[in-house]
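Peer 1: Sharing a sequence plus its predicted fold:
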Amino acid sequence: MIKGTCWVADDYVMAYDIIVSEYWTSAIDPIENSKMVMAGVKEEFNKENAFKDRGHTFIVANHNFAGGGKSIEHVITGLMGAGIQAVFATSFARLQFRNAINYGLPFITSDDNMHVGCETGDELEYHADKGIIKNITKGTEFTSVPVAPFVSEVSEAGGLMNFVREKLAKGQPIE
Amino acid sequence: MGMTITEKIMARSSGRDKVIPGELVWTDINSVMTMDFLGKQCFDKFRSLGKTEVFDKNKVICVSDHLVPPPTQKFANMLNEWREVVKQHDITNFYDLGRQGIAHQIMVEQGHVLPGTISIGTDSHANTYGAVGAVGNAIGVTDAAVAMATGKAWFRIPKAVKFNITGKWQPWVMAKDLSLHIMGMVHWNGHLLYKTLEFTGPAISSLSMAGRMTLCNMTVDLGAKNGIVAPDVVTERYLRRRTTDEWDFLNSDEDAEYDMVYDIDISDLAPTIALPGKLDDTVTVDKLIGKKFNKAFVGTCTNGRLEDIAIMAEIMKDKQVHRDVNMILVPASQTVYLEALQAGHLETLIKAGVAIDTPSCASCAGLHTGVAGDGDIVLSAGNRNMTGRMGSRLAQVYLTSPSVVAASAIRGEITDPRTFDI
């Protein structure tokens, strides 16, 4: 179980705004990428560590979270570096959904009504085993789409790199 | 129940007879592309897997496109590191400055994408490869590193949506207009998310490879996993001089299952424009007639090909770009550049007052040549128009086809190429 507060996003949070173009050519590094994460989403996050310093554990979003078609992994490492341990959204853009799986960061497709049922600062509990998210502040509960076994395996290995590295080291086939 | 072309490709690439939507499989990869600003990180990650040699030196394709020629010392240093790491891994196909082009153009034009196979790239518009009947997919550096080491990538088999395109293409109406029309028609509502989009029908059969590339290119912007056109005689003619590898005419079964089928008649399709900010906020050109702008741009992996340049030259011949407009053309590759030169198009455009820059991604990603400044209004034949995409967050980007950009640049205001005196 993971517990912490959430930040509730508007609709259509673009990958472009999570990491603005100035930082696309940076090294992929959670600490470095987290400094200016969300800089383009809200003016208030457009200074060093502004989003990170809020100390949120979760993001609750609506449709097409991290959309706009950017494949850069800085988006995921930036969120992870800022302390985000899971993102709940009505839907995710596919490139970043894939990157999140590869990094073992839970991108959880949640109830359509979760986005309207949470406010920034609400305390949430995420029970990954049951796929349930409890809003402790409001006393409500939301369900989510079950996570595929492969996704859990990758997450348990600590990401795709570890997953593949272990298999290669043991001489196991990738299948 | 039959299979779609994408299911067939996924099945054969994973050594299965059949796959079903939702299933997760590891597939063989025909080629993996990476480029200058992410490539070094791919190789670093690849080595961290305990490997020193890539799975196939001929199938890891390296391209310099976002940073060349370097406009800053930072980019120059990044390029030097990139060249060093490519050399170190003895990569056969390295398209560096001088032989460069936008990676997706290079992949298809140089025959690194084969019908019936899967190619991946560390840039979102890798969907372009679907134009020759391949599954083209954008991935991050992690997937690229894994593919470099193993020749494999994981995929969830997508559900399919068919676009049956009928009717006759009208003069000056381009594949880009169809792309933008579909954006505006379907809207970004999540319906196409993770899906494979199959383009078929008489108006696709009659579409050039350049047009098919434009169409498949922008499927990523619809949220789809890939876009694909089954190989046909156009594909065969295009690939004949580009690859000696064998391939077959794979197509969807008659009884393949589709989540949705759209029928679109393009006979009365009008030139279409996406308004600044969102790709699915589109209007037909008549709604914007007379709208002033100060920058015009044609290039990118979406619309920087020979056909696009030819149509511009046809419209702009013996005319002058309006005094209030700066216009830049960036051919998609050195090959395109040379062909446009030999055909005389570049001379026509230079005489018309168009600045021509060496092939690169240019200002499309806001990183290079011709970025937008505060207050600029850009009429672009690129692929994205969100805030800050081409530079300043205070600039506005209208997206449209090369024919609309060309006609409008002459008048200095948005113009319908169909009513323009050519």
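Peer 2: Now that the structure is in, tell me what you want to look at. Since we're looking at a predicted model, the values are computed, not measured. Numbers count the residues shown, from 1 in each chain, chains lettered A, B, ... in the order given.

Peer 1: Sketch out the low-pLDDT regions of the stretch 201-350 of chain B for me.
Peer 2: Scanning the stretch 201-350 of chain B for pLDDT under 70 picks out no residues.

Peer 1: and for stretch B:327-347, what are the contacting residues?
Peer 2: For stretch B:327-347, the external contacting residues (CB atoms under 8 Å, 6 or more residues apart in numbering or on different chains) are B:98-102, B:105-106, B:109, B:295-301, B:304-306, B:309-310, B:312-313, B:321, B:349, B:353-360, B:362-363, B:369-370, B:405, B:409. Any C-beta I mention is one placed from the backbone N, CA and C, and that applies to glycine too.

Peer 1: Out of these, which end up buried?
Peer 2: Buried residues within the contacts of stretch B:327-347, counting neighbours by 16 or more other CB atoms under 10 Å in any protein chain shown: B:99-102, B:105-106, B:109, B:295-301, B:304-306, B:309-310, B:312-313, B:321, B:349, B:353-354, B:356-357, B:359-360, B:362-363, B:369-370, B:405, B:409.

Peer 1: Okay, and which of those map to helices?
Peer 2: Filtering the buried ones among the contacts of stretch B:327-347 for membership in helices, criterion DSSP state H, returns B:105-106, B:109, B:300-301, B:306, B:309-310, B:312-313, B:349, B:405, B:409.

Peer 1: Tell me the one of those residues nearest residue A:2?
Peer 2: Nearest to residue A:2, judged by CB to CB, of those is residue B:301 at 39.8 Å.

Peer 1: show me the contacts for the closest one.
Peer 2: Going by CB under 8 Å, 6+ apart, residue B:301 touches B:102, B:103, B:104, B:105, B:125, B:128, B:213, B:217, B:332, B:361, B:383.

Peer 1: State the pair within those residues that is farthest apart.
Peer 2: Pairwise distances across those peak at 15.3 Å for B:213 and B:361 (criterion: CB to CB).

Peer 1: Leaving out the residues flanking it, which one is nearest to the residue of chain B positioned farthest from its centre?
Peer 2: Ranking residues of chain B by C-alpha distance from their mean position (CA atoms, centre = their mean) puts residue B:50 at the top, at 33.6 Å. The spatially closest residue to residue B:50, leaving aside those adjacent along the chain, is residue A:168, at 6.0 Å (CB to CB, 6 or more residues apart in numbering or on different chains).

Peer 1: That neighbour: how many residues sit nearby?
Peer 2: Using other CB atoms under 10 Å in any protein chain shown, residue A:168 has 17 neighbouring residues.

Peer 1: Check residue B:282 too.
Peer 2: Residue B:282 has 22 neighbours, counted by other CB under 10 Å.

Peer 1: Tell me the bridge partners for it.
Peer 2: On the basis of DSSP bridges, residue B:282 is bridged to residue B:274.

Peer 1: Is it in contact with residue B:275, as I believe?
Peer 2: Yes - the pair residue B:282 and residue B:275 passes the contact test of CB atoms under 8 Å, sitting 7.2 Å apart.

Peer 1: Distance from the chain centre to stretch B:234-250, please.
Peer 2: With CA atoms, centre = their mean, to the nearest Å as the basis, stretch B:234-250 stands 19 Å off its chain's centre.

Peer 1: now stretch B:74-92
Peer 2: That offset, for stretch B:74-92, works out to 24 Å (CA atoms, centre = their mean).

Peer 1: Can you find the helix or strand of chain A with the lowest average pLDDT?
Peer 2: Taking mean pLDDT, DSSP states H and E as the measure, chain A has helix A:15-18 as its least confident helix or strand, at a mean of 91.

Peer 1: what residues does that helix touch?
Peer 2: Outside helix A:15-18, the residues that touch it by CB under 8 Å, 6+ apart are A:37-41, A:66-70, A:72, A:75, A:78-79, A:93, A:95-96, B:386-389.

Peer 1: PyMOL command to pick out the buried ones of those?
Peer 2: Listed next is the PyMOL selection for buried residues among those, using 16+ other CB under 10 Å:
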select buried, (chain A and resi 37+38+39+40+41+66+67+68+69+70+72+75+78+79+93+95+96) or (chain B and resi 386+387+388+389)
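
Peer 1: center of chain A - which residue?
Peer 2: Centroid-nearest residue in chain A, with CA atoms, centre = their mean: residue A:87, separated by 4.0 Å.

Peer 1: Now the helix or strand containing it: average pLDDT?
Peer 2: Assigned by DSSP states H and E, residue A:87 belongs to strand A:86-89. For strand A:86-89, mean pLDDT rounds to 96.

Peer 1: picking up where we left off before, these two touch, right, the residue nearest to the centre of chain A and residue A:110?
Peer 2: No - look at residue A:87 against residue A:110 with CB under 8 Å: they stay out of range, at 9.4 Å.

Peer 1: Tell me the residues that contact both of the two, please.
Peer 2: Taking CB under 8 Å, 6+ apart as the contact rule, residue A:87 and residue A:110 both touch residue A:60.

Peer 1: Helices along chain B, start to end?
Peer 2: With DSSP H as the criterion, chain B has helices at B:5-13, B:36-48, B:73-88, B:103-109, B:141-150, B:175-186, B:202-205, B:209-217, B:233-240, B:300-303, B:306-316, B:334-342, B:345-352, B:402-411.
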